[in-house]
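Okay, sequence plus prediction incoming.
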Amino acid sequence: MTIPLGRSGQFLKSWGFAMVDAVEIQRLKADRGRLVAALGDAGATIVGGKVACPFHPDEHPSGGVHEHNGSGWLYTCHGCRWNGEKNTGDVFDVIRKAHGCDFRRALELLGLGNGRKP
């Protein structure tokens, strides 16, 4: 659900527990450092542009971080389908997989929710 805020032109999204600014969500997706940190926290080994996937045994790094059409950074593993039926995802997907949590908890782990900003 998206709710306009009027004059500001910004929108808030309701995730059933709190209102979260869509601009903040996009800002986190556009933060390469947050994605790299989430991968590191998940157990990935990152050397240069190569990532040893934290979601499967990966002796020879088969993953990487890349920008997606200017809309944010994604992690892709060419050795597994770590994100359901997909092999790619954003910082929220990495956190959800690593922590076995839903989107709401991923927001909280990133410091969003209940009116907080990261």
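Okay, I see it. Being a predicted model, the structure only gives us computed values, none of them experimental.

Would you mind measuring from L74 to E59?
Noted for L74: a distance of 23 Å to E59, by CB to CB, to the nearest Å. In short, each C-beta sits where N, CA and C put it, glycine included.

right, I mislabeled it, should have said A44
13 Å.

which neighbours do these two share?
A52 (CB atoms under 8 Å, 6 or more residues apart in numbering).

The helix or strand where L39 lies packs against which elements?
For L39, the enclosing helix or strand under DSSP states H and E is helix 32-42. With contacts defined as 3 or more CB pairs under 8 Å, 6 or more residues apart in numbering; DSSP states H and E, helix 32-42 has these neighbours: strand 45-47, strand 63-67, strand 73-77, helix 91-99.

want to try CSV for these, with distance to L109, mean neighbour count and mean pLDDT as columns?
Shown next, in CSV, are those (distance: least, CB to CB, whole Å; neighbours: other CB atoms under 10 Å; pLDDT from 0 to 100):
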stretch, distance to L109, mean neighbour count, mean pLDDT
strand 45-47, 19, 13, 92
strand 63-67, 19, 17, 95
strand 73-77, 16, 22, 97
helix 91-99, 6, 21, 97
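
so can I have JSON lines of these showing distance to D21?
Output for these, formatted as JSON lines (distance: least, CB to CB, whole Å):
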{"stretch": "strand 45-47", "distance to D21": "29"}
{"stretch": "strand 63-67", "distance to D21": "22"}
{"stretch": "strand 73-77", "distance to D21": "19"}
{"stretch": "helix 91-99", "distance to D21": "15"}
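
Distance check, the residue lying closest to R96 once chain neighbours are set aside against G79.
Excluding the flanking residues, the one nearest R96 by CB to CB, 6 or more residues apart in numbering is A106, at 5.0 Å. According to CB to CB, A106 stands 23 Å off from G79.

Pick out whichever of these two has more residues nearby.
A106 (22 against 17; other CB atoms under 10 Å).

Show the end-to-end separation of stretch 25-37, please.
End-to-end distance for stretch 25-37: 16 Å, by CA to CA, to the nearest Å.

Other residues contacting it?
13, 46, 65, 67, 71-75, 90-92, 94, 110, 112, 118.

now, which of those sits nearest C101?
Ranked by distance to C101 (CB to CB), the contacts of stretch 25-37 are led by F92 at 10.1 Å.
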